[in-house]
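Peer 1: Model the following, please.
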Amino acid sequence: MSSNPNIAATPLSCRRGGALKGAVRPPGDKSISHRAFIFGLLCRGVTDIAGLLEGDDVMRTGEACKALGARIERIGEGNWRVAGMGVGALLAPPHPLDFGNAGTGSRLMMGVVGGHAVTATFDGDASLRKRPMRRILDPLALMGAQVLSQTEGGRCPIVLRGTSEPAPIVYRTPVASAQIKSAVLLAGLNAPGATTVIETEASRDHTEKMLRHFGAEVEVAPEGVAGRRITLKGRPELRPNPVVVPADPSSAAFPMVAALITPGSDITIEGVMMNPLRTGLLTTLLEMGAEIEVVDQRLEGGEDVANLRVRASALRGVDVPAARAPSMIDEYPVLAVAAAFAQGETRMRGLHELRVKESDRLAAVAAGLAAAGVDHAIDGDDLIVRGGDGDVRGGGLVETHLDHRIAMSFLVMGMASDRAMAIDDSAMIATSFPAFRGLMEQLGAQFA
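Peer 2: Numbering: from 1, shown residues only. Below you'll find the predicted structure:
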């Protein structure tokens, strides 16, 4: 069903056609797009952004930045200009901040509000209201923010009162989460001292890179075997700096897997972010035997990017270690689709975080695999997919649970399965990949 009760669901199906051919550039990275708006708000002066993802999630973050005082204008497709307020100078929002389905935007903005003397109400759609926020609110409370009201279990709607004097803290994250880390660092921007976040496992580092891009002092040091210690010096004078948003690797995952499983396909995906903390899916697919060539590696907007040439491949099952989860947490649904077409068993370990995404993604993926006739099992927090050696029956209807990645993953499955795959609603795809259908049709996909 649609996330808006007043809008009818828009079912969609995809069936096998010919080989996929051509070159495409996926939309701008969602994580960086959220942060570009937020850092534009926190600078004094004008920040120009190119390649911004104009999906609903990011636009909700932009509206929240406006409510806190930023002036934001669109100056062309993907090109935006933000006139910010500066750290410590935000305005109290005149209305609740409605984040729709945007978990990243809501959690990062809680960090921003927590470090300022403003009170804000955070809310969203039915899916966002189910998502746990306590892991964000707990460290913010240690810094001096107050939760004035919340729904049971620390869920939205939440009324958060920030503080003008956030306490600099040393905080060890309970799980590898860029959202927790970022919320603490964003609150720490207005703290009179150093704020430190310790991670046992390194999560994606876009916030640290963007802090430096805008002039903040950030030190990153190893912590243990695979962790990091990030220390931010508080109250910097953030300086406007243009942001070029690279193509989102999480969105690139869909045409990538589609080309791998559709016989005869040969496509190029342009300008994909190659940050090593985001390339877990690429690493896994290469281990499965995928023919993916990384070409024209370069630096854009402070991030490594490259073009990927992807050819249809005979995939084999692999064991995906739990330690890889932070670098590919959003890509497991479409990896499960690839695994369904592989020879042998693929075991994806340590997927607890999938249970608290836009939906219980672990259960939703399993239900989708069942609808397609794919042999699979859930063992604790592991997902096991037993591939059909390139053959998947298909023909099922998948319940998306308002989750854009579930929707796109099973449409991709339909491009190579014996019978078409259908989803109950495609409306929420616009949250992260508004041009998904058009881009895939450009390559040769057939929707109905």
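Peer 1: quick one: the closest residue in space to Arg324 that isn't next to it in sequence and Ala226, what's the gap?
Peer 2: Spatial nearest neighbour of Arg324, chain neighbours left out: Gly280 (4.6 Å); criterion: CB to CB, 6 or more residues apart in numbering. For every residue, glycine as well, the C-beta is placed using N, CA and C. Counting by CB to CB, to the nearest Å, the separation of Gly280 from Ala226 is 13 Å.
Peer 1: Gly438 too?
Peer 2: Applying CB to CB, one obtains 39 Å for the distance of Gly438 from Ala226.
Peer 1: and what of Lys233?
Peer 2: Distance of Lys233 to Ala226, computed by CB to CB: 25 Å.
Peer 1: Kindly report the same for Arg25.
Peer 2: In this structure, Arg25 and Ala226 are separated by 32 Å, where distance is defined by CB to CB.
Peer 1: on that earlier part again, neighbour count for Lys233 and Ala226, which is higher?
Peer 2: A direct count of neighbours by other CB atoms under 10 Å for Lys233 and Ala226 places Lys233 higher, at 17 against 13.
Peer 1: For that one, list each beta-bridge partner.
Peer 2: Ala194 (DSSP bridges).
Peer 1: Wait, it touches Leu211, no?
Peer 2: No - Lys233 is not in contact with Leu211 according to CB atoms under 8 Å; the separation is 9.9 Å.
Peer 1: Quickly list what's touching both of the two.
Peer 2: By the contact definition CB atoms under 8 Å, 6 or more residues apart in numbering, Lys233 and Leu211 are jointly contacted by Val218.
Peer 1: now stretch 126-134, how far from the chain's geometric center?
Peer 2: Computed by CA atoms, centre = their mean, to the nearest Å, the chain-centroid distance of stretch 126-134 equals 16 Å.
Peer 1: Report the buried residues of it.
Peer 2: Neighbour-count burial for stretch 126-134, counted by 16 or more other CB atoms under 10 Å, picks out 127-128, 130-131, 133.
Peer 1: Could you work out the end-to-end span of it for me?
Peer 2: Stretch 126-134 has an end-to-end distance of 17 Å (CA to CA, to the nearest Å).
Peer 1: check contacts around Pro139.
Peer 2: Pro139 makes contacts with 169, 171, 180, 183-184, 187, as judged by CB under 8 Å, 6+ apart.
Peer 1: I'd say Phe39 and Thr47 touch.
Peer 2: Yes - between Phe39 and Thr47 there is a contact under CB under 8 Å: 6.9 Å.
Peer 1: Have a look at these two and say which one is more surrounded.
Peer 2: Shown here are Phe39 and Thr47; by other CB under 10 Å, Phe39 has more neighbours (28 against 25).
Peer 1: quick one: the more buried one and Thr283, what's the gap?
Peer 2: With the distance defined as CB to CB, Phe39 ends up 29 Å from Thr283.
Peer 1: Give me the pLDDT value at the nearest residue to Arg239 once chain neighbours are set aside.
Peer 2: Leaving aside its chain neighbours, Arg239 sits nearest to Gly215 (4.3 Å; criterion: CB to CB, 6+ apart). For Gly215, the model assigns a pLDDT of 95.
Peer 1: ok, the closest residue to Gly188 other than its chain neighbours - how many residues close by?
Peer 2: Closest residue in space to Gly188, ignoring its immediate chain neighbours: Thr195 at 2.8 Å, by CB to CB, 6+ apart. The burial count assigned to Thr195 is 26, neighbours taken as other CB under 10 Å.
Peer 1: Next up, phi/psi of Asp424, please.
Peer 2: Torsion angles at Asp424 (phi, psi; degrees, to the nearest 10) stand at phi -70, psi -20.
Peer 1: Isn't it up against Val398?
Peer 2: Yes - Asp424 lies in contact with Val398 (CB under 8 Å); the separation is 7.0 Å.
Peer 1: With neighbour numbers in mind, choose between these two.
Peer 2: Set side by side, Asp424 and Val398 give different neighbour counts by other CB under 10 Å, the larger being at Val398 (26 against 16).
Peer 1: so how far is Pro333 from the more buried one?
Peer 2: Applying CB to CB to Val398 and Pro333 gives a distance of 10 Å.
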